[in-house]
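A.B. asks: Output the structure for:
(2 chains)
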Protein chains: 2
Amino acid sequence: MSLLTVGTVAFDDIETPFGKVEKVVGGACTYISWAASYFINDIRLTSIIGNDFPAEEIKALEARGVNMEGLKIMENGKTFFWAGKYHENMNQRDTITTDLNVLDDFDPELPESYKDSQYVMLGNLTPDIQLRVMEQLTNPKLIVLDTMNFWMDVALDKLKLAISKVDVLTINDEEARQLSGEYSLVNAAKKIFEMGPKYLVIKKGEHGAMLMSEDNIFYAPALPLAKVMDPTGAGDSFAGGFIGYLTKTEDTSFENMKRAVIYGSTMASFCVEEFSLGKMKHLSEHIINDRAQRFVNITNFTL
Amino acid sequence: MSLLTVGTVAFDDIETPFGKVEKVVGGACTYISWAASYFINDIRLTSIIGNDFPAEEIKALEARGVNMEGLKIMENGKTFFWAGKYHENMNQRDTITTDLNVLDDFDPELPESYKDSQYVMLGNLTPDIQLRVMEQLTNPKLIVLDTMNFWMDVALDKLKLAISKVDVLTINDEEARQLSGEYSLVNAAKKIFEMGPKYLVIKKGEHGAMLMSEDNIFYAPALPLAKVMDPTGAGDSFAGGFIGYLTKTEDTSFENMKRAVIYGSTMASFCVEEFSLGKMKHLSEHIINDRAQRFVNITNFTL
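C.D. replies: Here you go, the predicted model:
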């Protein structure tokens, strides 16, 4: 099975209560692709970078089975840059700088070889770009869209149009409330299902994630960790593990989506333990399965 | 088995985004005792009220098997009063008024018939009162202490002394961080175990609850609800269900404590659906077991 990943490839400056790093590799598509690469090896990356992005980072992803035909390199441009600072409560952060750079005129024309992709992970980007990707797909089996409150503020109609075309929407709890106008997440989900998606994943950071369909709810905790260095990319790593597992297993039943949420949460738990891709680059199937098993241990009970 | 419950019996004024009520019955001991009464019928209440507290409220608790020998009625006093207002985000609230009234000189002298109580739930109160109760116990099997950040601010040494004498501490996530000086809840728990308790329950409101021991972690979600009217008493209802189930089953293994957390979460889920004790007074074993089963359904998965 084939997975199309779309999103930013970026440089980040990050400050957390536990340290500070400058110009490290980041971006939704980077985290998604790295996380998914532990589950499948037919990944088709779609993004844009400038002439300043290190070639060895591209090669490292290629070595993991990520196809780079859809990566535009703008010879006269600079890579997207984001700088952010996390509060003591690491569920909250302030954006210090957003330099769109090459992203400013990104028109994601899919290579011919990408168009038949069956599983699609649309990372957080303008709804216009997400729509532009979707209209080029010839045979999608499952489309997952990630977004954020910013697009609800500035491009709500376009965002709703994009959401109407996808199978799974992933957002955080506050965004679910904003999008639906409902405080209760149960009611928020009902409103969101009316917009089109069949599944909703509500990401709650250190409080875990909820998977919802019209008839079912599944609540996965986040793994309690002794060391959390940097939450950047946690949501994208979750998305990568989630879609990677679904692409590998080719099963979009609710039961299997629950497992995908656990593998997504597993990848997010690795992501936050180091800055940037520090941990994400050095995992293995064995390490991942061991950690996924810890989710069984901390949630398992009988009445 | 016998359960001793200690805490406030109170009047509350409560405002939430969904309504406003005045002078309704509240108090930690009230919620704890009501919730526990669905599990056992040898409950020994220890509290203090003024001459203004409705006799029918006392009788309703007595009818549920709650012994009132330890309830002091001050003929010239007024019952403890609390007024609070919840934010749009109902995990946060502001205290508008706290009138201690009769609580000001509450010295909980236990009736002789209470002193051999085996299970003990010390609701949130001054650490002095919690210590005073503990020193009168002759045969405690399990002592659970609930407290809050206020006592960490104004009576930390006494609070630590009280904590050193209990088996289970229940606090929320921010309080666990404040008490331990550790941001990670895993590290916070380690520090708190050094203070004495063998078990820690971290209450996270709508994000659920974590049970921790030196070797184990259990993460229970809160039940996603369509209607949340008023979070007041949710933590106390949790505590009542938790200790009520443990008292009934007489099993303090980690496996059984997990079930107790689920029954505690079940009672909290009922509590928040109405103001005051609106829902809590009209439950049954059948209704409670049905809802507890929903926790199985939303957490159950296999890898």
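
A.B. asks: any idea which element the spatially most central residue of chain A lies in?
C.D. replies: In chain A, the centroid-proximal residue (Cα atoms, centre = their mean) is residue A:236; its distance is 2.7 Å. Assessed by DSSP states H and E, residue A:236 sits inside helix A:234-249.

A.B. asks: Is that helix in proximity to chain B?
C.D. replies: No: on the criterion Cβ under 8 Å from any Cβ of the partner chain, helix A:234-249 is out of touch with chain B, staying 10.3 Å away. The C-beta positions use only the backbone N, C-alpha and C, and glycine is treated the same way.

A.B. asks: after that helix comes which helix or strand?
C.D. replies: With DSSP H and E, the next secondary element past helix A:234-249 is helix A:254-271.

A.B. asks: Show me what that next one is packed against.
C.D. replies: Helix A:254-271 is packed against helix A:28-36, strand A:199-203, strand A:209-212, strand A:217-220, helix A:234-249, helix A:285-299, with contacts defined by 3 or more Cβ pairs under 8 Å, 6 or more residues apart in numbering or on different chains; DSSP states H and E.

A.B. asks: what about the residue lying closest to residue A:140 once chain neighbours are set aside, how many residues close to it?
C.D. replies: If the residues on either side of it in the chain are set aside, residue A:140 comes closest to residue A:120, at 5.5 Å by Cβ to Cβ, 6 or more residues apart in numbering or on different chains. Counted by other Cβ atoms under 10 Å in any protein chain shown, the residues lying close to residue A:120 total 27.

A.B. asks: if I pick residue A:21, what's in contact with it?
C.D. replies: Going by Cβ atoms under 8 Å, 6 or more residues apart in numbering or on different chains, residue A:21 touches A:12-14, A:230, A:275-276.

A.B. asks: Residue B:286: which of the helices and strands packed on helix A:254-271 is closest?
C.D. replies: Across the helices and strands packed on helix A:254-271, residue B:286 has its closest neighbour in strand A:217-220 (22.0 Å, Cβ to Cβ).

A.B. asks: Note down every partner strand of that closest one and its orientation.
C.D. replies: Under the criterion DSSP bridges, strand A:217-220 sits next to strand A:209-212 (antiparallel) in its sheet.

A.B. asks: and the helix or strand hosting residue A:58, what's its mean pLDDT?
C.D. replies: According to DSSP H and E, residue A:58 maps onto helix A:55-63. What helix A:55-63 shows for mean pLDDT is 97.

A.B. asks: And for stretch A:201-210?
C.D. replies: 96.

A.B. asks: Return the helix or strand in chain A with minimum mean pLDDT.
C.D. replies: None of the helices or strands of chain A scores lower by mean pLDDT, DSSP states H and E than strand A:93-99, at a mean of 93.

A.B. asks: about what we covered before: pick the most buried one from the helices and strands packed on helix A:254-271.
C.D. replies: helix A:28-36 (a mean of 31; mean count of other Cβ atoms under 10 Å in any protein chain shown).

A.B. asks: Quick check: neighbours of the least confident helix or strand of chain A in the sheet, parallel or antiparallel?
C.D. replies: Partners of strand A:93-99, by DSSP bridges, with direction: strand A:80-86 (antiparallel).

A.B. asks: List the buried residues for the strand it pairs with?
C.D. replies: A:80-84, A:86 (16 or more other Cβ atoms under 10 Å in any protein chain shown).

A.B. asks: chain center to it, what's the gap?
C.D. replies: How far strand A:80-86 lies from its chain's middle: 17 Å, per Cα atoms, centre = their mean, to the nearest Å.

A.B. asks: what does stretch A:58-66 give?
C.D. replies: On Cα atoms, centre = their mean, the centre of stretch A:58-66 falls 18 Å from that of its chain.

A.B. asks: follow-up on the earlier one: helices or strands up against the helix holding residue A:236?
C.D. replies: Checking 3+ Cβ pairs under 8 Å, 6+ apart, helix A:234-249 ends up next to strand A:3-6, helix A:28-36, strand A:119-122, strand A:142-146, strand A:168-172, strand A:199-203, helix A:254-271.

A.B. asks: Try it again at 6 Å.
C.D. replies: Applying 3 or more Cβ pairs under 6 Å, 6 or more residues apart in numbering or on different chains; DSSP states H and E, one finds that helix A:234-249 contacts helix A:28-36, strand A:119-122, helix A:254-271.

A.B. asks: For it, which outside residues touch it?
C.D. replies: Contacts to helix A:234-249, defined as Cβ atoms under 6 Å, 6 or more residues apart in numbering or on different chains, come from residues A:1, A:3, A:28, A:31-32, A:35-36, A:39-40, A:119, A:121, A:144, A:146, A:170, A:203, A:256, A:260, A:263-264, A:267-268, A:271-272.

A.B. asks: how far out from the middle of the chain is it?
C.D. replies: Remark: helix A:234-249 is offset 8 Å from the chain centroid, using Cα atoms, centre = their mean.

A.B. asks: can you check stretch A:127-146 too?
C.D. replies: With Cα atoms, centre = their mean, you get 14 Å for stretch A:127-146.

A.B. asks: tell me which residues of that stretch are tucked away?
C.D. replies: A:127-130, A:132-134, A:136-137, A:140-146.

A.B. asks: next one: stretch A:160-175
C.D. replies: In stretch A:160-175, the ones that count as buried by 16+ other Cβ under 10 Å are A:161-163, A:165-173, A:175.

A.B. asks: Equivalent analysis for stretch A:6-26, please.
C.D. replies: A:6-16, A:21, A:24-26.

A.B. asks: one step back: alpha carbons of the least confident helix or strand of chain A, as PDB, please.
C.D. replies: Once non-C-alpha atoms are left out, strand A:93-99 reads as follows in PDB (Å, rounded to 0.1, in the frame of the first residue of the first chain):
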ATOM      1  CA  ARG A  93       3.200  27.700  23.400                       C
ATOM      2  CA  ASP A  94       3.700  31.100  21.800                       C
ATOM      3  CA  THR A  95       4.800  31.500  18.200                       C
ATOM      4  CA  ILE A  96       7.700  33.900  18.000                       C
ATOM      5  CA  THR A  97       8.300  33.900  14.300                       C
ATOM      6  CA  THR A  98       6.700  32.400  11.200                       C
ATOM      7  CA  ASP A  99       8.600  33.000   8.000                       C
END
